[in-house]
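Output the structure for:
(chains A, B and C)
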Amino acid sequence: MNGAAQIATTDSPSTQIPKAQTWPKNAWYVACMPDEIADGPLGRTICGERMVFFRGADGQPTALEDFCPHRGAPLSLGFVREGRLVCGYHGLVMDCLGKAAEMPGQKVGGFPAGRRFATIERHGFVWVWPGDPDQADAACLHPLEWADSEEWAYGGGYYHIACDYRLMIDNLMDLTHETYVHSSSIGQKEIDEAPVRTHADAQEVVTSRFMDAIKAPPFWRMALRGAGLDEDATVDRWQLCRFTLPSHVMIEVGVALEGQGGYDAPEAAKASSIVVDFITPETETSHHYFWGMARRFAVDDAELTDTIREGQRKIFGEDLEMLERQQANLLRWPERRLLKLNIDAGGARSRLMIDRAIAAENVAQV
Amino acid sequence: MNGAAQIATTDSPSTQIPKAQTWPKNAWYVACMPDEIADGPLGRTICGERMVFFRGADGQPTALEDFCPHRGAPLSLGFVREGRLVCGYHGLVMDCLGKAAEMPGQKVGGFPAGRRFATIERHGFVWVWPGDPDQADAACLHPLEWADSEEWAYGGGYYHIACDYRLMIDNLMDLTHETYVHSSSIGQKEIDEAPVRTHADAQEVVTSRFMDAIKAPPFWRMALRGAGLDEDATVDRWQLCRFTLPSHVMIEVGVALEGQGGYDAPEAAKASSIVVDFITPETETSHHYFWGMARRFAVDDAELTDTIREGQRKIFGEDLEMLERQQANLLRWPERRLLKLNIDAGGARSRLMIDRAIAAENVAQV
Amino acid sequence: MNGAAQIATTDSPSTQIPKAQTWPKNAWYVACMPDEIADGPLGRTICGERMVFFRGADGQPTALEDFCPHRGAPLSLGFVREGRLVCGYHGLVMDCLGKAAEMPGQKVGGFPAGRRFATIERHGFVWVWPGDPDQADAACLHPLEWADSEEWAYGGGYYHIACDYRLMIDNLMDLTHETYVHSSSIGQKEIDEAPVRTHADAQEVVTSRFMDAIKAPPFWRMALRGAGLDEDATVDRWQLCRFTLPSHVMIEVGVALEGQGGYDAPEAAKASSIVVDFITPETETSHHYFWGMARRFAVDDAELTDTIREGQRKIFGEDLEMLERQQANLLRWPERRLLKLNIDAGGARSRLMIDRAIAAENVAQV
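Residues are numbered from 1 along each chain as shown, chains lettered A, B, ... in the order given. Below you'll find the predicted structure:
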């Protein structure tokens, strides 16, 4: 397939200014990191809904709409007292179900209830279900082996990015861009010379690329050192980008000493990790990007965790600029058709899975 | 009435995005402080009208529309020469009636006149009447005893606030918020525990609250010291918020040594003052806030005046943040009903008085 | 004619918010200075078109639309390799005709071509023709004697200005404003007292003003010194503003020792120069302003070139503020008629020439 361009000859509506629903609502999205609600409430817009997050009396995260029924103040300007959210304007107290519990000098029985969103804390993140809370099902959460195992170390961070969340999915499902956007860290010429394969089933879309017998680029030289291997060695490198609904991309990446089996090489002969990407829509043209890296080598090396985190922060900052300017360009030329090449198959199949999930939600509502 | 919640069951249009006239036009608003036009013209938008203020040859303040009839430059970029306003672009000279008086090398007799707004300087402020200047009547200005008496000291300042001016009126007519917004200065738990009464007649709306036998909060401890009284004493505290058209709120506040008569205690046993709030609409979602405090104690203590001014600046800065974010939230949920509780009666009655004044203006125009 | 005001009694649509075409498309505009594309591509919007500029293999400047046909990224974020533009996202290579030349792992034969704009480098500037490239004719470029002669020195700079480019033309075709906007540098009272004459033919509009037997203002005192003349001398001063399509204003300015012939005085008795103004529309309410000064005195004095450039930068910064605030005012009062006085004749005639050029383009398209 390498070299055979697939050119779209029809409009690609999902890359234009969205007019219809652009994200599944009945799904778990990462809302925040636990430390963001450690000291008080957090206001954040997710899937177009303005929410306030805080911890209830049982320590569980809670999400309500960020609107006090009294005078419309943002509840996120208030504070948490005994597991309930106190409005910072006139003291109305909201319970974890979005009902007014009390207010100084007032009987609150007749106050209208605010909207509540289902939440859950798992795998080191707080998750929210922006749609119907009665349909929220913890079983829908993906298992994240690396998050709950001592054999892995994890470090990550956050970026707010002013582009459609699907442009980020496109970006991550086609790592060809590493050669250009990240030329000084993880990019190398062999990436865009190696063939790419995309496979999709009902659960996920997988785009994979294998580069054998190459020299490691700077980031992976650092990882080889961290893993106690020779950074100058010839290696086999791999990238497997896995998209799952609603908008998660887990990328298995690594290098193994040449001829040891590559992706399947024994742990001692490779440095491998998972690039973790939770991509949470904010508005039609912005999203929250929770990124990180889970690794199986040198898991007790906290300094390495910090080094990797800072490396990723710099690399993903390069994506940020490109994506925000791509978004601005698409808004400038809203009618323009884009190409869907073989390298874009991962993003295209992921968008198809999203579109089907949205359609299924709307059928279910009829 | 304390404890009996009054819940609005119909839309409250005046807290939504305004579509109709949102302020009386034929009324006196504070336009600026005199020192703002001491050195040259001042451009400011008031009630949706872009105006330029300057002093004429007789020293009286003048307001014209901020638009040069020649090429549309803002006249506020020009300068004052012999009591007339010279456009800073090509030198057209406007007189105090908004007529072109002269221009180098031109006969100006046929130039179209610009719009003039009635102004008056009184009580230490420059006032403007954004509506029909022929209806402007100095007799409509409120007497401000504190502004013209040597028994009072005054200090104040200015904030530009990005919210509907009526949200500020609501804020000031319901001081329950002090417990939450100003917890470290003037707030105390007794405020939202004390009953509040609202009374309205044709001239004003008055909301009052009395708190007997309490400890003074930090601001009032400072005031007690300033008045030469014991800051640790048990006191009776009062708040009387007086709204008058178009948008002024004068709040009588004070503390008296316990049992000395409270609000009616002799001067020597109390520290009392008036919180002065002139709230001038700029646009539908912004206003000019001229705030200050007039006091009857330690009137010769200029340092105390400065201390109080800085204290107020900090306190009103807390309101600013809450109000601007409340405005943003109301724009986000434009269709949402708000509650009108007993504590909101002062704001609700004030808005009613405003709505009636607007309606009366429109009847008069027919 | 001096003193006889000509008052417009009908709407002046071209000073209002534009709804129709506001600039000729088939004309040469200054796009950038050569050093702006020395190190890589430059993204710039000209006449509403987002373009990317770079140098091709032959060293000639090239302009394409700043949009990669693959995924819509701005090509200006990429880099130039062997005279072709490489997209910085996934490596698509564009040739100088706007065709995809190659892309790693892809056959690009069927890729849609991007739009190309005609360009030319001449007189020390890169020029672009935003309309039909087949009509682009190098012969339409004005001869600029000062740019290509060793008898002249040139220095200049750039401002981005947030106003309709025609407000800048008005500004430069009526130097009356110097008395007010530039009172501390080139303004003097004699300017707005001297009569102004405007003449137009098919090629240009010329507005001229002559001031005899005056004292030189600060800028010209500096120029007299630079030219080796007595800065305290009484001088004859002149200004000839020449507008040519699409939007160039060359202003011949100078002072000569009194009685030596003024504009026609021998070189040794005068300091003269040309204020160079290339005014390139960006959007309906913004433009690129390439300004400079060409002089015939002290042409080898590089320090003087720098001094003049900094003097101009300060002076044109004063225009910038006035023009941007004039634009804001015109948007605030879109229905307002402006005056067209005798001093405005140069701008009015220039706008007429622009309107006729636009009309001719549209006739030609039918």
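
Report all helices and strands that the helix or strand A:Ile308 falls within contacts.
Using DSSP states H and E, A:Ile308 falls within helix A:302-332. Packed against helix A:302-332 by the contact rule (3 or more C-beta pairs under 8 Å, 6 or more residues apart in numbering or on different chains; DSSP states H and E) you find strand A:153-161, helix A:165-173, helix A:178-181, helix A:218-226, strand A:286-295. For the C-beta atoms, the positions are set from N, CA and C on the backbone; glycine is no exception.

switch to 6 Å and redo it
In terms of contacts (3 or more C-beta pairs under 6 Å, 6 or more residues apart in numbering or on different chains; DSSP states H and E), helix A:302-332 is packed against strand A:153-161, strand A:286-295.

Mean neighbour count, those strands: which tops it?
strand A:286-295 (a mean of 23; mean count of other C-beta atoms under 10 Å in any protein chain shown).

May I have the strands that pair with that one, each with its orientation?
Strand A:286-295 pairs in its sheet with strand A:153-161 (antiparallel), strand A:270-283 (antiparallel), by DSSP bridges.

can you tell me how far the residue in chain A that chain B sits nearest to sits from B:Glu178?
The nearest approach of chain A to chain B comes at A:Pro104, 3.7 Å away (C-beta to the nearest C-beta). Distance of A:Pro104 to B:Glu178, given as C-beta to C-beta, to the nearest Å: 12 Å.

Which one's more surrounded, these two?
Neighbour totals were compared for A:Pro104 and B:Glu178, and B:Glu178 leads with 22 against 19 (other C-beta atoms under 10 Å in any protein chain shown).

follow-up on the earlier one: pipe the strands paired with strand A:286-295 into CSV and attach mean pLDDT per row.
Conversion of the strands paired with strand A:286-295 to CSV gives the following (pLDDT from 0 to 100):
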stretch, mean pLDDT
strand A:153-161, 97
strand A:270-283, 96
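
how about those, which one is nearest A:Trp129?
strand A:270-283 (11.8 Å; C-beta to C-beta).

A helix includes A:Phe53, no?
No - with DSSP: H, G, I helix; E, B strand; the rest coil as the criterion, A:Phe53 is strand rather than part of a helix.

Mind pulling the model confidence for it?
For A:Phe53, the pLDDT comes out at 98.

Then the one 4 residues further on?
Confidence at A:Ala57, expressed as pLDDT, is 94.

mind checking pLDDT for the closest residue in space to it that isn't next to it in sequence?
Nearest in space to A:Ala57, with sequence neighbours left out and distances taken as C-beta to C-beta, 6 or more residues apart in numbering or on different chains, is A:Gly83 at 2.7 Å. In this model, A:Gly83 is scored at 95, pLDDT.

What is the burial count for A:Asp306?
11.

sorry, that was for A:Gln203
A:Gln203, neighbours per other C-beta under 10 Å, totals 12.

Could you find the closest non-adjacent residue to it?
That would be A:Thr244: by C-beta to C-beta, 6+ apart, it lies 6.7 Å from A:Gln203.

residues contacting the closest residue to A:Asp174 other than its chain neighbours?
Ranked by C-beta to C-beta, 6+ apart and with sequence neighbours excluded, the top spatial neighbour of A:Asp174 is A:Ile343, at 4.9 Å. Shown in contact with A:Ile343 (C-beta atoms under 6 Å, 6 or more residues apart in numbering or on different chains): A:174, A:176, A:196.

now these in CSV, with pLDDT?
Shown next, in CSV, are the contacts of A:Ile343 (pLDDT from 0 to 100):
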residue, pLDDT
A:Asp174, 92
A:Thr176, 88
A:Val196, 90
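
so where's the stretch 251-366 of chain A shaky on pLDDT?
The stretch 251-366 of chain A contains residues with pLDDT under 70 at A:365-366.

and A:Phe111, what element?
Judged by DSSP H and E, A:Phe111 forms part of no helix or strand.

My understanding was that it contacts A:Ala100; is that so?
Yes - A:Phe111 is in contact with A:Ala100 according to C-beta atoms under 6 Å; the separation is 4.0 Å.

Between the two, tell me which one has more neighbours.
Higher neighbour count among A:Phe111 and A:Ala100: A:Ala100, with 24 against 20, using other C-beta under 10 Å.

before we move on, back to that, can you pull the contacts of the residue of chain A closest to chain B?
A:91, B:192.

Likewise for A:Gln188?
A:Pro217 are the contacts of A:Gln188 under C-beta under 6 Å, 6+ apart.

could you redo the last one with a cut-off of 10 Å?
Counting by C-beta atoms under 10 Å, 6 or more residues apart in numbering or on different chains, A:Gln188 makes contact with A:178-179, A:182, A:211, A:214-220, A:237.

Need the buried ones from these selected in PyMOL.
Buried residues among these (16 or more other C-beta atoms under 10 Å in any protein chain shown), as a PyMOL selection:
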select buried, chain A and resi 178+179+182+211+214+216+217+219+220+237
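
Next, the buried residues of stretch A:189-197.
Residues A:190-192, A:194, A:196 are the ones in stretch A:189-197 that count as buried (16+ other C-beta under 10 Å).

do that stretch and chain C meet at all?
Yes - Stretch A:189-197 lies within reach of chain C by C-beta under 10 Å from any C-beta of the partner chain, at A:189, A:191-196.

Give the single residue among the residues you listed positioned nearest to C:His160.
A:Asp192 (36.4 Å).

So that closest one is in contact with C:His90, correct?
Yes - in this structure, A:Asp192 is within contact of C:His90 by C-beta atoms under 10 Å, at 7.4 Å.

for chain B, what are the nearby residues on chain A?
A:43, A:45, A:50, A:65-79, A:86-92, A:100, A:103-112.

who touches stretch A:300-310?
By C-beta under 10 Å, 6+ apart, stretch A:300-310 touches A:150, A:153-157, A:219, A:222-223, A:225-227, A:273, A:291-293, A:295, A:297-299.
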